[in-house]
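Enquirer: no sequence on this one, just coordinates:
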């Protein structure tokens with residue numbers, strides 16, 4: 001996985017120094033691109049944006065950088081592995097880029113919502129306004145303490161509600177092998193309790 005880092009420099013000398021610094025830092029020259037216009041007056045901002053995109057910078061960043069390159073700046077683009085992208089950024093910053101080469105995009109403020117945390121973080125719309133979409137879709141009642149609905153619907157006997165002997169946990173059944181007993185399968189062990 002790679003990350004594209006780009007900076008605009010005031011002149012070709014600074015841009016050349018940035019490229020040399022990247023190569024000296026161990027970045028491959030085939031992963032470094034330079035976008036400069038020989039005749040900036042005859043190129044439109046759209047043409048410059050397309051040239052920046054061909055160098056590997058996506059929109060909206062390419063559109064943000066185009067005016068700086070159109071006015072005579074030189075763009076240096078480095079494709080670095082994700083693990084080394086911070087190093088490439090530091091090298092390019094050290095070479096004195098123009099302040100306009102760092103687009104200031106507003107950061108979307110996220111308001112936390114306990115009821116829908118993922119939707120709040122990613123700005124997703126809720127798929128359903130109901131609090132129990134599974135229950136509504138499958139026509140299954142929600143799990144509540146109001147009664148033995150699931151046992152009745154599946155025609156299973158109600159599980160015991162008395163306290164069990166271990167740590168005060170609820171004992172689910174008096175039968176130590178409920179599945180084997182229900183399906184008539186013999187048990188592997190004759191002991192009734194594995195842990196006492």
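Expert: In hand now; what should we look at? All figures in this text were calculated on a predicted structure; none of them were measured in a lab.
Enquirer: From the contact counts, what lies against the longest helix that the chain contains?
Expert: Assignment by DSSP state H gives helix 12-24 as the longest helix of the chain. Using 3 or more C-beta pairs under 8 Å, 6 or more residues apart in numbering; DSSP states H and E as the contact test, the elements touching helix 12-24 are strand 2-9, strand 32-35, strand 74-81, helix 85-94. C-betas here are computed from N, CA, C, even on glycine.
Enquirer: Please identify the buried residues of it?
Expert: Burial within helix 12-24, assessed by neighbour count using 16 or more other C-beta atoms under 10 Å, is assigned to 14-15, 17-19, 21-22.
Enquirer: Could you pull up the mean pLDDT of it?
Expert: Mean pLDDT, helix 12-24: 94.
Enquirer: quick one, that helix and strand 74-81 angle?
Expert: 10 degrees (axes from the mean of the first three to the mean of the last three C-alpha atoms, to 10 degrees).
Enquirer: For the nearest residue to residue 73 once chain neighbours are set aside, list the residues it contacts.
Expert: Closest residue in space to residue 73, ignoring its immediate chain neighbours: residue 8 at 4.2 Å, by C-beta to C-beta, 6 or more residues apart in numbering. Shown in contact with residue 8 (C-beta atoms under 8 Å, 6 or more residues apart in numbering): 65, 68-69, 73-76, 97-98, 100-101.
Enquirer: Which two of those residues have the greatest separation?
Expert: Using C-beta to C-beta, the contacts of residue 8 reach their maximum pairwise distance at 76 and 100, which is 14.1 Å.
Enquirer: lowest-confidence helix or strand of the chain?
Expert: Lowest by mean pLDDT, DSSP states H and E among the helices and strands of the chain is helix 149-154, with a mean of 58.
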